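Asker: 3D model of this:
(one chain, ligands or ions: 1)
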Amino acid sequence: MSQSETTAGRATDQPDPRSMKEYYEIAEQVLPGAGLAIYSNPDDIRFVVHKGEGARLQDVDGKWYVDYSMAASVNILGHAHPAIASAMSDQLTRGHLHFGNLNVPVIELAKELVDAIPCAEMVVFGSTGSEANAYALRLARAFTGRDKVMKFEGAYHGAHDYSAISTFGGGTTDMPHIANFPQGVPDGAGIPQAVQDTVLVAPFNDLEAVRKIMEEHAGEIAALTTEPVQRNIPPHPDFHQGLRDLCDEFDILLIYDEVVSGFRMSYGGGQQYYGVTPDLAAYGKIIGGGAALAAVAGRAEIIDQANPRRRGEDDYVFVNGTHCGNPLAAAAGLACLRELKKPGTYDWLNGQAEKMRREAQKVFDRHDMPVLSYGVASYWNILFRDAPPRNQADMDATGDMKASKEFDLELVRQGVYVLPINRRYFSLAHDDGILEESLRRLDAACRVWTARH
Ligand SMILES: Cc1ncc(COP(=O)(O)O)c(C=O)c1O
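Answerer: Numbering: from 1, shown residues only. From the prediction side, this is the model:
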């Protein structure tokens, strides 16, 4: 048993000047819900991170966790990877924190993206995945001269208005369910009705439903956006090619949201993994190596609408941002991609995830729990159900989402850091030792669960 394992899952020392309790007292006053983004835990689960190392996180009270969130997929090399740290410190020592101008790392990164991504002839940069998805839609609207866009129920494409519609179903959150296709449900207040009327929502894995909406709105739809793997929902084998064919038939641009799948499912992302090439793709997370950087990649004639030399022309598309092309993030991203490009990376990474999916299923079976451990590439899903969900409505209607969420929280208590009902992500630091430790913690969570139910 390694030193780090003996300390994992329980407090041994307090590495930070303040305790968790003290940090929460401050956070409760200055952050809504003492949280960031959309996640909040029950009161007995408190987590303020002190540091990350490889596949592990330590909280401010000294407790160690095995991490399967990896900053929502960002840290594919593992936390605190030396290649990224040294690339960033090199940039810093040369004064390259941010110049707001063309710089060496960002030109090199743009070239690497164009070389690696099947649909990429050119790229434009932004700072976040939300921005990249919003720009992709804007570029598509300008290119086609159409306003409407299409997405799938349960798909998350960022926090912007055109995405914050029918992201969640009734089972995963307290949000109202369910889309009256193609009319979606806003994810919260403040989304203009005019925007809601512009977004058409379809069920994932249902080519007939997609066709029907495209027929009913023929000539109105600029683009269809999809993730290669939609959160907990893997695509049926013919789904992506079917979407490509339908988009071609109805002259609609196909956008892949590769903010998570890009450089994760394979070096060429979900499009290379499934062998289907979209017109545009949105990137974020991994391409910034842990810092904020995003890009839209795609056909040159579409991306070139954002050419600053064309400002003033009718079809010029406004893409702008202080931090787009940030050299610190680009240097980190380049260092990350260089590691990922080494031979055998994806076979190893996806193989580790497959090993875990298989071994975890054995643990659930041993405890006679009605849980499915599944996933593709380096994704790992755990849900109380007997088959992968077909789409969001199927996910909410079948299986037990409440039990899935409660079990995930028990995992966190046992020292396995996951975001409830979210897919889990592997990194190059998830070696066999980490897997064995995770399985022991999973077993402990199952024991607690079965004793209670
Ligand atoms: C599939 C997908 N698209 C877009 C985004 C938004 O990216 P960002 O949080 O960088 O804005 C996310 C973030 O988790 C995502 O998972």
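
Asker: Show me which residues of the protein sit near the ligand.
Answerer: By the rule C-beta under 6 Å from any ligand atom, the part of the chain lying against the ligand is 72, 128-130, 133, 156-158, 227, 257, 259-260, 284. C-beta: built from backbone N, CA, C; applies to glycine.

Asker: helix or strand right after the lowest-mean-pLDDT helix or strand in the chain?
Answerer: Sorted by mean pLDDT, DSSP states H and E, the helices and strands of the chain end with helix 3-7, the least confident at a mean of 43. Next helix or strand after helix 3-7 toward the C-terminus (DSSP states H and E): helix 20-30.

Asker: that older thread, which one of the residues of the chain next to the ligand is nearest the ligand?
Answerer: Using C-beta to the nearest ligand atom, Gly129 comes nearest to the ligand of these, at 2.4 Å.

Asker: From Ala294, how far off is the closest one?
Answerer: For Gly129, the distance to Ala294 equals 5 Å [C-beta to C-beta, to the nearest Å].

Asker: Which neighbours do those two have in common?
Answerer: Counting by C-beta atoms under 8 Å, 6 or more residues apart in numbering, the residues touching both Gly129 and Ala294 are 259, 282-284.

Asker: from those, which ones fall inside strands?
Answerer: 282-283 (DSSP state E).

Asker: If Val123 is in a bridge, with which residues?
Answerer: Legend: beta-bridge partners of Val123 under DSSP bridges are Ala297.

Asker: Looks like it contacts Val296 (just checking).
Answerer: Yes. Between Val123 and Val296 there is a contact under C-beta atoms under 8 Å: 6.6 Å.

Asker: higher neighbour count, these two?
Answerer: Applying other C-beta atoms under 10 Å to Val123 and Val296 shows that Val296 carries more neighbours, namely 29 against 22.

Asker: quick one: contacts for the more buried one?
Answerer: Val296 makes contacts with 123-124, 126, 132, 135-136, 139, 280-283, 303, 319, as judged by C-beta under 8 Å, 6+ apart.

Asker: Pull out the buried members of these.
Answerer: Among these, those buried by neighbour count (16 or more other C-beta atoms under 10 Å) are 123-124, 126, 132, 135-136, 139, 280-283, 303, 319.

Asker: Relative to Phe181, which of those is nearest.
Answerer: Ranked by distance to Phe181 (C-beta to C-beta), the buried ones among the contacts of Val296 are led by Ala136 at 22.5 Å.

Asker: tell me which element the closest one falls in.
Answerer: With DSSP H and E as criterion, Ala136 is part of helix 129-144.

Asker: Moving along the chain from that helix, name the first helix or strand you hit.
Answerer: Downstream of helix 129-144 (by DSSP H and E), the next one is strand 148-152.

Asker: strands paired with that next one, and their directions?
Answerer: Strand pairing for strand 148-152, determined by DSSP bridges: strand 199-202 (parallel), strand 221-226 (parallel).

Asker: and stretch 443-453, how far out from the chain's middle?
Answerer: 29 Å (C-alpha atoms, centre = their mean, to the nearest Å).

Asker: Can you show me the CA trace of that stretch as PDB?
Answerer: Extracted in PDB, the C-alpha atoms of stretch 443-453 (Å, rounded to 0.1, in the frame of the first residue of the first chain):
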ATOM      1  CA  ASP A 443     -16.700  -1.700  -2.700                       C
ATOM      2  CA  ALA A 444     -16.900   0.300   0.600                       C
ATOM      3  CA  ALA A 445     -19.600   2.600  -0.900                       C
ATOM      4  CA  CYS A 446     -21.600  -0.500  -2.000                       C
ATOM      5  CA  ARG A 447     -21.400  -1.900   1.500                       C
ATOM      6  CA  VAL A 448     -22.800   1.300   3.000                       C
ATOM      7  CA  TRP A 449     -25.400   1.400   0.300                       C
ATOM      8  CA  THR A 450     -26.600  -2.200   0.700                       C
ATOM      9  CA  ALA A 451     -26.700  -1.900   4.500                       C
ATOM     10  CA  ARG A 452     -29.000   1.100   4.100                       C
ATOM     11  CA  HIS A 453     -31.300  -0.300   1.500                       C
END
